[in-house]
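Trainee: model the structure of this input:
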Amino acid sequence: MPALSTKHYAAELQRQLRSLLGHEQIVTQAYGRHLLIKRLDDEEPTVVARLSELGRNRYGAAFRSHSGRWEPLPGAGSLDEMAQLVVTLLEPYLQPDN
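Mentor: Just a heads-up that it's a prediction; the model follows:
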């Protein structure tokens, strides 16, 4: 059952991010205990960040640097709080490449 709930949280995160950003060029994917956040580009989706489950409805966030390493973002919180934090800190990286 955990895979189903992770997929549910990925869909909810995608809905929140699209609403906060005002565009549909963001997709999310459940990947184990992580929720990957991807920007849709012309070629392939680019992984920008991820939320990692720390506990029941508690997440931490990390940014994927240009070297491919995961760099932690400050704070932890609910899915709603982390969606807002990711948009606040990473908005330029989450905009489409038009």
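
Trainee: what about residue 36, how many neighbours?
Mentor: For residue 36, the tally of surrounding residues (other C-beta atoms under 10 Å) stands at 19. For glycine as for every other residue, the C-beta is placed from the backbone atoms N, C-alpha and C.

Trainee: so which bits of the longest strand seen in the chain are buried?
Mentor: Among the segments of the chain that qualify as a strand by DSSP state E, the longest is strand 46-55. For strand 46-55, the neighbour count (16 or more other C-beta atoms under 10 Å) marks 48, 49, 50, 51, 52, 53 as buried.

Trainee: okay if I get the residues you listed as a markdown table plus pLDDT and distance to residue 34?
Mentor: A markdown table is the format used below for these (pLDDT from 0 to 100; distance: C-beta to C-beta, whole Å):
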| residue | pLDDT | distance to residue 34 |
| --- | --- | --- |
| 48 | 96 | 13 |
| 49 | 97 | 10 |
| 50 | 97 | 5 |
| 51 | 98 | 7 |
| 52 | 97 | 5 |
| 53 | 94 | 7 |
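
Trainee: can you redo the residues you listed as CSV with distance to residue 6?
Mentor: Formatted as CSV, the buried residues of strand 46-55 follow (distance: C-beta to C-beta, whole Å):
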residue, distance to residue 6
48, 19
49, 16
50, 12
51, 11
52, 11
53, 8
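
Trainee: among these, which one lies nearest to residue 95?
Mentor: Relative to residue 95, the closest of the buried residues of strand 46-55 is residue 48; by C-beta to C-beta it sits at 10.2 Å.
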